[in-house]
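Enquirer: The sequence and its predicted three-dimensional model are supplied below.
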Amino acid sequence: MINISAKLQNAWIRRLMIEWKLANDRYFKNSMRSPSFILSDSGKRLGYWKGGSSRTLALSVPLIKSHPWQDVCEILYHEMVHQYVDEVLRVHNEPPHGPTFKRICIERGIYHRATGAISEWSRQRAEGYEPDNSGILNKVQKLLSLAQSDNEHEAELAINKASALLLKYNLSILEMDAVRPYVHKQIGAIGRKNPAKSIASAIITKFFFVESIWIDGYDSATDTSGTILEISGVAANVQMAEYVFNYLLNISEVLWNKHKRDNNISGNWHRRTFINSLLDSFYHKLDDNSKSSGVSALVWKGDPLLAHYFKKRYPRVRIVQSGFSQSSRAISNAGGKAGKNLVINKGIENSSGFGGRLLS
(Lines give C-alpha, C1' and ligand atoms only; values in the text may rest on other atoms or scores of the structure.)
Protein backbone atom coordinates (compact mmCIF):
# COMPACT_ATOMS: atom_id res chain seq x y z
CA MET A 1 0.00 0.00 0.00
CA ILE A 2 1.33 3.47 -0.96
CA ASN A 3 3.12 4.81 2.16
CA ILE A 4 0.05 4.23 4.33
CA SER A 5 0.34 2.60 7.72
CA ALA A 6 -1.74 -0.47 8.47
CA LYS A 7 -3.37 1.45 11.32
CA LEU A 8 -4.57 4.21 9.00
CA GLN A 9 -5.71 1.71 6.37
CA ASN A 10 -7.84 -0.05 8.97
CA ALA A 11 -9.24 3.30 10.12
CA TRP A 12 -10.27 4.13 6.55
CA ILE A 13 -11.97 0.76 6.14
CA ARG A 14 -13.89 1.27 9.38
CA ARG A 15 -14.98 4.73 8.28
CA LEU A 16 -16.05 3.44 4.86
CA MET A 17 -18.18 0.82 6.59
CA ILE A 18 -19.86 3.56 8.62
CA GLU A 19 -20.47 5.71 5.54
CA TRP A 20 -21.84 2.69 3.65
CA LYS A 21 -24.34 1.92 6.42
CA LEU A 22 -25.50 5.54 6.58
CA ALA A 23 -25.92 5.72 2.80
CA ASN A 24 -27.67 2.35 2.66
CA ASP A 25 -30.25 3.74 5.07
CA ARG A 26 -30.50 7.20 3.50
CA TYR A 27 -30.59 6.32 -0.20
CA PHE A 28 -31.50 2.63 -0.42
CA LYS A 29 -33.83 2.00 2.56
CA ASN A 30 -31.45 -0.61 3.99
CA SER A 31 -32.10 -2.91 1.04
CA MET A 32 -28.48 -4.08 0.62
CA ARG A 33 -26.13 -6.36 2.53
CA SER A 34 -22.75 -5.01 3.55
CA PRO A 35 -19.96 -5.98 1.14
CA SER A 36 -16.27 -6.63 1.74
CA PHE A 37 -14.26 -3.40 1.57
CA ILE A 38 -10.77 -3.14 0.12
CA LEU A 39 -8.37 -0.31 -0.70
CA SER A 40 -6.86 -0.15 -4.16
CA ASP A 41 -3.51 1.35 -5.18
CA SER A 42 -4.89 2.31 -8.58
CA GLY A 43 -4.70 5.89 -9.74
CA LYS A 44 -6.66 5.08 -12.88
CA ARG A 45 -9.82 3.82 -11.20
CA LEU A 46 -11.63 5.76 -8.51
CA GLY A 47 -13.27 2.60 -7.25
CA TYR A 48 -15.22 -0.44 -8.35
CA TRP A 49 -17.92 -2.89 -7.38
CA LYS A 50 -17.38 -6.59 -8.02
CA GLY A 51 -20.44 -8.73 -7.51
CA GLY A 52 -21.04 -12.44 -7.55
CA SER A 53 -19.26 -14.52 -4.95
CA SER A 54 -16.69 -11.74 -4.39
CA ARG A 55 -19.11 -8.99 -3.25
CA THR A 56 -16.25 -6.50 -3.05
CA LEU A 57 -16.36 -2.71 -3.00
CA ALA A 58 -13.00 -1.03 -3.58
CA LEU A 59 -11.88 2.60 -3.34
CA SER A 60 -8.62 4.14 -4.48
CA VAL A 61 -5.94 5.06 -1.94
CA PRO A 62 -4.62 7.91 -4.16
CA LEU A 63 -8.18 9.28 -4.19
CA ILE A 64 -8.43 9.17 -0.39
CA LYS A 65 -5.00 10.77 0.00
CA SER A 66 -5.55 13.61 -2.46
CA HIS A 67 -9.21 14.57 -2.02
CA PRO A 68 -11.53 15.69 0.78
CA TRP A 69 -13.59 12.96 2.40
CA GLN A 70 -16.78 14.29 0.84
CA ASP A 71 -15.33 13.39 -2.58
CA VAL A 72 -14.47 9.92 -1.34
CA CYS A 73 -18.08 9.50 -0.22
CA GLU A 74 -19.33 10.55 -3.65
CA ILE A 75 -17.34 7.70 -5.18
CA LEU A 76 -18.60 5.33 -2.50
CA TYR A 77 -22.22 6.26 -3.30
CA HIS A 78 -21.51 5.77 -7.01
CA GLU A 79 -20.24 2.24 -6.39
CA MET A 80 -23.18 1.55 -4.11
CA VAL A 81 -25.52 2.29 -7.02
CA HIS A 82 -23.65 -0.37 -9.00
CA GLN A 83 -24.20 -2.75 -6.08
CA TYR A 84 -27.89 -1.82 -5.89
CA VAL A 85 -28.49 -2.35 -9.61
CA ASP A 86 -26.63 -5.67 -9.45
CA GLU A 87 -27.95 -7.23 -6.25
CA VAL A 88 -31.33 -5.60 -5.59
CA LEU A 89 -32.70 -4.73 -9.03
CA ARG A 90 -30.80 -7.63 -10.65
CA VAL A 91 -30.33 -5.75 -13.91
CA HIS A 92 -27.53 -7.55 -15.74
CA ASN A 93 -28.39 -6.91 -19.39
CA GLU A 94 -27.30 -3.25 -19.53
CA PRO A 95 -23.91 -1.53 -19.69
CA PRO A 96 -22.39 -0.64 -16.28
CA HIS A 97 -23.52 2.97 -16.65
CA GLY A 98 -26.67 2.17 -18.55
CA PRO A 99 -30.15 3.70 -18.25
CA THR A 100 -31.08 1.95 -14.99
CA PHE A 101 -27.85 3.04 -13.31
CA LYS A 102 -28.32 6.66 -14.43
CA ARG A 103 -31.96 6.67 -13.34
CA ILE A 104 -31.10 5.51 -9.83
CA CYS A 105 -28.33 8.12 -9.56
CA ILE A 106 -30.64 10.93 -10.65
CA GLU A 107 -33.49 9.81 -8.36
CA ARG A 108 -31.19 9.74 -5.34
CA GLY A 109 -29.06 12.78 -6.12
CA ILE A 110 -25.86 10.78 -6.67
CA TYR A 111 -23.20 11.94 -9.15
CA HIS A 112 -23.32 9.37 -11.97
CA ARG A 113 -20.18 10.57 -13.78
CA ALA A 114 -17.79 9.57 -11.00
CA THR A 115 -15.69 7.39 -13.28
CA GLY A 116 -12.29 7.29 -14.98
CA ALA A 117 -8.83 8.29 -13.84
CA ILE A 118 -8.47 10.45 -10.75
CA SER A 119 -6.83 13.28 -12.71
CA GLU A 120 -9.70 13.48 -15.21
CA TRP A 121 -12.35 13.23 -12.52
CA SER A 122 -10.60 15.95 -10.51
CA ARG A 123 -10.69 18.24 -13.54
CA GLN A 124 -14.40 17.62 -14.03
CA ARG A 125 -15.08 18.28 -10.35
CA ALA A 126 -13.16 21.56 -10.47
CA GLU A 127 -15.10 22.66 -13.54
CA GLY A 128 -18.33 21.83 -11.74
CA TYR A 129 -17.50 24.38 -9.04
CA GLU A 130 -16.77 27.14 -11.54
CA PRO A 131 -19.53 29.77 -11.45
CA ASP A 132 -21.76 29.76 -14.52
CA ASN A 133 -21.62 33.55 -14.51
CA SER A 134 -18.28 34.90 -13.30
CA GLY A 135 -19.43 38.39 -14.27
CA ILE A 136 -21.83 38.54 -11.35
CA LEU A 137 -19.04 37.69 -8.92
CA ASN A 138 -16.79 40.35 -10.42
CA LYS A 139 -19.51 42.96 -9.99
CA VAL A 140 -20.16 41.91 -6.41
CA GLN A 141 -16.44 42.00 -5.68
CA LYS A 142 -16.19 45.56 -6.96
CA LEU A 143 -19.18 46.62 -4.90
CA LEU A 144 -17.88 45.02 -1.73
CA SER A 145 -14.48 46.62 -2.22
CA LEU A 146 -16.20 49.91 -1.34
CA ALA A 147 -16.78 48.44 2.13
CA GLN A 148 -13.14 49.22 2.91
CA SER A 149 -13.89 52.92 2.74
CA ASP A 150 -13.64 55.05 5.89
CA ASN A 151 -17.03 56.46 4.95
CA GLU A 152 -19.62 54.35 6.74
CA HIS A 153 -22.42 55.49 4.41
CA GLU A 154 -20.48 54.33 1.34
CA ALA A 155 -19.81 50.98 2.99
CA GLU A 156 -23.48 50.51 3.85
CA LEU A 157 -24.47 51.49 0.31
CA ALA A 158 -22.04 48.92 -1.10
CA ILE A 159 -23.52 46.16 1.04
CA ASN A 160 -27.07 47.05 0.02
CA LYS A 161 -26.21 47.21 -3.68
CA ALA A 162 -24.34 43.91 -3.52
CA SER A 163 -27.29 42.23 -1.81
CA ALA A 164 -29.68 43.65 -4.39
CA LEU A 165 -27.45 42.48 -7.24
CA LEU A 166 -27.27 38.95 -5.87
CA LEU A 167 -31.04 38.93 -5.44
CA LYS A 168 -31.62 40.05 -9.02
CA TYR A 169 -29.13 37.44 -10.27
CA ASN A 170 -30.90 34.63 -8.44
CA LEU A 171 -34.33 35.81 -9.55
CA SER A 172 -33.07 35.90 -13.13
CA ILE A 173 -31.91 32.28 -13.08
CA LEU A 174 -35.28 31.27 -11.66
CA GLU A 175 -37.05 33.10 -14.48
CA MET A 176 -35.07 31.08 -17.01
CA ASP A 177 -36.97 28.02 -15.71
CA ALA A 178 -34.23 25.70 -16.92
CA VAL A 179 -32.41 22.81 -15.32
CA ARG A 180 -29.36 24.30 -13.63
CA PRO A 181 -26.42 22.48 -12.09
CA TYR A 182 -26.17 22.51 -8.32
CA VAL A 183 -23.13 21.68 -6.26
CA HIS A 184 -22.56 20.90 -2.62
CA LYS A 185 -19.47 21.65 -0.60
CA GLN A 186 -18.27 21.22 2.96
CA ILE A 187 -16.93 24.50 4.36
CA GLY A 188 -15.10 25.55 7.47
CA ALA A 189 -13.08 23.29 9.71
CA ILE A 190 -14.12 19.92 11.11
CA GLY A 191 -14.77 20.27 14.83
CA ARG A 192 -17.47 21.08 17.33
CA LYS A 193 -20.45 23.18 16.31
CA ASN A 194 -20.92 26.26 18.48
CA PRO A 195 -23.42 29.15 18.56
CA ALA A 196 -21.16 31.42 16.49
CA LYS A 197 -20.92 28.86 13.69
CA SER A 198 -24.67 28.29 13.92
CA ILE A 199 -25.44 32.00 13.52
CA ALA A 200 -22.96 32.33 10.64
CA SER A 201 -24.61 29.37 8.91
CA ALA A 202 -28.04 30.94 9.45
CA ILE A 203 -26.78 34.14 7.82
CA ILE A 204 -25.53 32.49 4.65
CA THR A 205 -28.60 30.24 4.42
CA LYS A 206 -31.07 33.12 4.62
CA PHE A 207 -29.20 35.84 2.72
CA PHE A 208 -26.85 34.11 0.29
CA PHE A 209 -29.11 31.66 -1.55
CA VAL A 210 -27.82 28.31 -0.33
CA GLU A 211 -29.21 25.41 1.65
CA SER A 212 -27.11 24.20 4.55
CA ILE A 213 -26.90 21.26 6.92
CA TRP A 214 -24.55 20.24 9.72
CA ILE A 215 -23.20 16.74 9.12
CA ASP A 216 -20.53 14.40 10.46
CA GLY A 217 -17.19 15.19 8.84
CA TYR A 218 -14.00 13.17 8.61
CA ASP A 219 -10.34 13.99 7.99
CA SER A 220 -8.72 10.93 6.40
CA ALA A 221 -5.18 12.25 6.88
CA THR A 222 -5.49 12.40 10.67
CA ASP A 223 -8.34 9.93 11.23
CA THR A 224 -10.35 12.54 13.11
CA SER A 225 -14.07 13.23 12.94
CA GLY A 226 -16.34 16.06 13.96
CA THR A 227 -19.11 18.32 12.72
CA ILE A 228 -18.87 20.30 9.49
CA LEU A 229 -21.23 22.51 7.50
CA GLU A 230 -22.31 21.43 4.02
CA ILE A 231 -23.89 23.99 1.70
CA SER A 232 -25.71 23.44 -1.59
CA GLY A 233 -26.60 25.80 -4.42
CA VAL A 234 -25.47 27.04 -7.80
CA ALA A 235 -21.70 27.45 -7.98
CA ALA A 236 -21.71 31.25 -7.73
CA ASN A 237 -23.82 31.22 -4.57
CA VAL A 238 -21.79 28.44 -2.96
CA GLN A 239 -18.58 30.36 -3.63
CA MET A 240 -19.97 33.59 -2.16
CA ALA A 241 -21.52 31.84 0.85
CA GLU A 242 -18.26 30.08 1.70
CA TYR A 243 -16.41 33.39 1.60
CA VAL A 244 -18.93 35.12 3.85
CA PHE A 245 -19.03 32.23 6.35
CA ASN A 246 -15.26 32.25 6.81
CA TYR A 247 -15.15 36.04 6.88
CA LEU A 248 -17.72 36.27 9.66
CA LEU A 249 -15.88 33.84 11.92
CA ASN A 250 -12.54 35.55 11.36
CA ILE A 251 -13.64 39.17 11.62
CA SER A 252 -15.54 38.45 14.83
CA GLU A 253 -12.24 37.40 16.43
CA VAL A 254 -10.58 40.57 15.16
CA LEU A 255 -13.32 42.78 16.61
CA TRP A 256 -13.24 40.94 19.95
CA ASN A 257 -9.50 41.56 20.25
CA LYS A 258 -10.04 45.23 19.38
CA HIS A 259 -12.75 45.47 22.05
CA LYS A 260 -10.36 43.97 24.61
CA ARG A 261 -7.63 46.48 23.76
CA ASP A 262 -9.98 49.47 23.77
CA ASN A 263 -11.46 48.50 27.14
CA ASN A 264 -8.35 47.09 28.84
CA ILE A 265 -9.94 43.65 29.19
CA SER A 266 -7.69 40.73 30.07
CA GLY A 267 -8.60 37.14 29.32
CA ASN A 268 -11.43 35.75 27.21
CA TRP A 269 -14.13 35.22 29.81
CA HIS A 270 -16.79 37.05 27.78
CA ARG A 271 -15.42 36.26 24.32
CA ARG A 272 -18.21 33.93 23.25
CA THR A 273 -20.93 36.30 24.47
CA PHE A 274 -19.41 39.20 22.55
CA ILE A 275 -18.95 37.20 19.33
CA ASN A 276 -22.39 35.59 19.47
CA SER A 277 -24.06 38.96 20.05
CA LEU A 278 -22.04 40.54 17.26
CA LEU A 279 -23.08 37.89 14.74
CA ASP A 280 -26.68 37.95 15.91
CA SER A 281 -26.71 41.71 15.44
CA PHE A 282 -25.26 41.33 11.96
CA TYR A 283 -27.98 38.81 11.10
CA HIS A 284 -30.69 41.32 12.03
CA LYS A 285 -28.83 44.10 10.24
CA LEU A 286 -28.89 42.11 7.00
CA ASP A 287 -32.55 41.33 7.56
CA ASP A 288 -33.35 45.04 7.97
CA ASN A 289 -31.29 45.93 4.90
CA SER A 290 -33.10 43.34 2.79
CA LYS A 291 -36.43 44.94 3.71
CA SER A 292 -35.31 48.48 2.86
CA SER A 293 -32.88 47.93 -0.01
CA GLY A 294 -35.02 49.56 -2.66
CA VAL A 295 -35.93 46.26 -4.29
CA SER A 296 -39.10 45.56 -2.33
CA ALA A 297 -40.82 44.66 -5.59
CA LEU A 298 -38.39 41.77 -5.95
CA VAL A 299 -39.36 39.02 -3.55
CA TRP A 300 -37.27 35.90 -3.04
CA LYS A 301 -39.52 32.93 -2.37
CA GLY A 302 -36.84 30.27 -2.61
CA ASP A 303 -35.51 28.03 -5.35
CA PRO A 304 -37.75 24.97 -5.72
CA LEU A 305 -35.17 23.09 -7.78
CA LEU A 306 -32.52 23.66 -5.12
CA ALA A 307 -34.97 22.48 -2.48
CA HIS A 308 -35.57 19.35 -4.56
CA TYR A 309 -31.82 18.78 -4.97
CA PHE A 310 -31.28 19.17 -1.24
CA LYS A 311 -34.19 16.85 -0.42
CA LYS A 312 -32.77 14.12 -2.64
CA ARG A 313 -29.45 14.31 -0.82
CA TYR A 314 -31.07 14.33 2.62
CA PRO A 315 -34.55 12.78 2.31
CA ARG A 316 -35.10 12.62 6.08
CA VAL A 317 -33.33 15.76 7.20
CA ARG A 318 -34.22 17.16 10.62
CA ILE A 319 -33.81 20.91 11.13
CA VAL A 320 -32.69 22.01 14.58
CA GLN A 321 -32.90 25.60 15.78
CA SER A 322 -29.83 26.90 17.62
CA GLY A 323 -29.69 29.77 20.06
CA PHE A 324 -27.28 31.23 22.57
CA SER A 325 -27.37 32.68 26.04
CA GLN A 326 -26.02 36.06 27.15
CA SER A 327 -23.87 35.89 30.25
CA SER A 328 -23.06 39.59 30.42
CA ARG A 329 -25.38 42.35 29.18
CA ALA A 330 -22.56 44.91 28.85
CA ILE A 331 -20.42 42.58 26.74
CA SER A 332 -23.47 41.50 24.77
CA ASN A 333 -24.38 45.10 23.97
CA ALA A 334 -20.80 45.78 22.91
CA GLY A 335 -20.89 42.85 20.54
CA GLY A 336 -24.23 43.95 19.17
CA LYS A 337 -22.90 47.46 18.60
CA ALA A 338 -19.88 46.08 16.75
CA GLY A 339 -22.20 43.93 14.65
CA LYS A 340 -24.18 46.96 13.53
CA ASN A 341 -20.96 48.50 12.25
CA LEU A 342 -19.74 45.31 10.59
CA VAL A 343 -19.32 45.32 6.82
CA ILE A 344 -18.00 42.65 4.48
CA ASN A 345 -14.59 43.39 2.99
CA LYS A 346 -13.72 42.61 -0.62
CA GLY A 347 -12.96 39.13 -1.73
CA ILE A 348 -14.58 36.12 -3.30
CA GLU A 349 -11.94 33.53 -2.46
CA ASN A 350 -11.85 31.08 0.45
CA SER A 351 -10.64 31.69 3.98
CA SER A 352 -6.95 31.57 3.06
CA GLY A 353 -7.09 35.29 2.34
CA PHE A 354 -7.79 36.13 5.97
CA GLY A 355 -5.66 36.34 9.05
CA GLY A 356 -6.79 34.97 12.35
CA ARG A 357 -8.29 31.60 13.06
CA LEU A 358 -11.68 29.99 12.96
CA LEU A 359 -13.60 29.59 16.18
CA SER A 360 -13.01 26.26 17.84
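Expert: Done, it's in. Numbers count the residues shown, from 1 in each chain.
Enquirer: Give me the buried positions along the helix or strand harbouring V254.
Expert: For V254, the host element (DSSP states H and E) is helix 235-262. Counting neighbours by 16 or more other C-beta atoms under 10 Å, one finds that the buried residues in helix 235-262 are 235-253, 255-256, 259-260. Any C-beta I mention is one placed from the backbone N, CA and C, and that applies to glycine too.
Enquirer: which residues in the stretch 1-150 of the chain form strands?
Expert: 36-40, 47-50, 56-60 (DSSP state E, counting those that start in this stretch).
Enquirer: Contact partners for F310?
Expert: Going by C-beta atoms under 8 Å, 6 or more residues apart in numbering, F310 touches 211, 213, 232, 317.
Enquirer: Tell me where the stretch 201-350 of the chain has strands.
Expert: Taking DSSP E, counting those that start in this stretch as the criterion, the stretch 201-350 of the chain carries its strands at 211-219, 224-233.
Enquirer: partners of the longest one, with directions?
Expert: Spelled out, it's strand 224-233. With DSSP bridges as the test, strand 224-233 is paired with strand 183-191 (antiparallel), strand 211-219 (antiparallel).
Enquirer: Now distance to R33, mean neighbour count and mean pLDDT too, for those, in JSON lines please.
Expert: JSON lines is the format used below for these (distance: least, C-beta to C-beta, whole Å; neighbours: other C-beta atoms under 10 Å; pLDDT from 0 to 100):
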{"stretch": "strand 183-191", "distance to R33": "28", "mean neighbour count": "19", "mean pLDDT": "91"}
{"stretch": "strand 211-219", "distance to R33": "23", "mean neighbour count": "18", "mean pLDDT": "93"}
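Enquirer: Determine which of those approaches Y169 most closely.
Expert: strand 183-191 (16.3 Å; C-beta to C-beta).
Enquirer: lowest-confidence helix or strand of the chain?
Expert: helix 329-340 (a mean of 50; mean pLDDT, DSSP states H and E).
Enquirer: Tabulate the strands of the stretch 1-150 of the chain (a markdown table), appending distance to V88, mean pLDDT and mean neighbour count.
Expert: Shown next, in a markdown table, are the strands of the stretch 1-150 of the chain (distance: least, C-beta to C-beta, whole Å; pLDDT from 0 to 100; neighbours: other C-beta atoms under 10 Å):
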| stretch | distance to V88 | mean pLDDT | mean neighbour count |
| --- | --- | --- | --- |
| strand 36-40 | 18 | 96 | 16 |
| strand 47-50 | 12 | 95 | 20 |
| strand 56-60 | 14 | 96 | 21 |
